[in-house]
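Asks: predicted structure and sequence below. I'll ask about it afterward.
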Amino acid sequence: YLSYGRIRVRAPESARDFSVGTSSMEVVDLGTEFELSVSQQSGAAEIAVREGLVDLHLSNAGGASRIQSLSTGQSAAVDESGKIT
């Protein structure tokens, strides 16, 4: 779980399904390298996939969730409510 700060994850294929949670989403690694940062002030997150594929498990205040996939070279910003901005 990443409350705030920045991490870089490089997980081999054998670590598939390794995950990092934040207050608004869970990043599920599918054998890849990615960077994730979470703002201490707002709780907003930014993710950039350097190699491979990740699934973002996004949640919102109503309890609904959805999955958004990102692949090599893609990035996203997610606000504290779980919306991609």
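Replies: Arrived safely. Numbering: from 1, shown residues only.
Asks: for this protein, just list every one of the strands.
Replies: Under the criterion DSSP state E, strands of the chain are mapped to 5-10, 19-21, 25-29, 33-38, 45-51, 53-59, 65-71, 75-78.
Asks: out of the ones you listed, which comes closest to I84?
Replies: Closest approach to I84 among the strands of the chain (C-beta to C-beta): strand 75-78, 5.2 Å. No exception for glycine: its C-beta is placed from N, CA and C like everyone else's.
Asks: centroid-nearest residue for the protein?
Replies: The structure's the chain has its C-alpha centroid closest to V27; by C-alpha atoms, centre = their mean the separation is 3.6 Å.
Asks: out of the strands of the chain, which is the most enclosed?
Replies: Here the criterion is mean neighbour count by mean count of other C-beta atoms under 10 Å, and of the strands of the chain the winner is strand 25-29, at a mean of 22.
Asks: mean confidence for that strand?
Replies: Mean pLDDT, taken over the full extent of strand 25-29, equals 93.
Asks: list the beta-bridge partners for the nearest residue to V20 once chain neighbours are set aside.
Replies: Nearest residue to V20, sequence neighbours excluded (C-beta to C-beta, 6 or more residues apart in numbering): V27, at 4.9 Å. For V27, the beta-bridge partners under DSSP bridges are V20, L56.
Asks: show me the contacts for V27.
Replies: 19-21, 34, 36, 47, 54-57 (C-beta atoms under 8 Å, 6 or more residues apart in numbering).
Asks: between these, which sits nearest A76?
Replies: Distance ranking of these against A76, using C-beta to C-beta, places I47 first at 5.5 Å.
Asks: brilliant, that's me finished.
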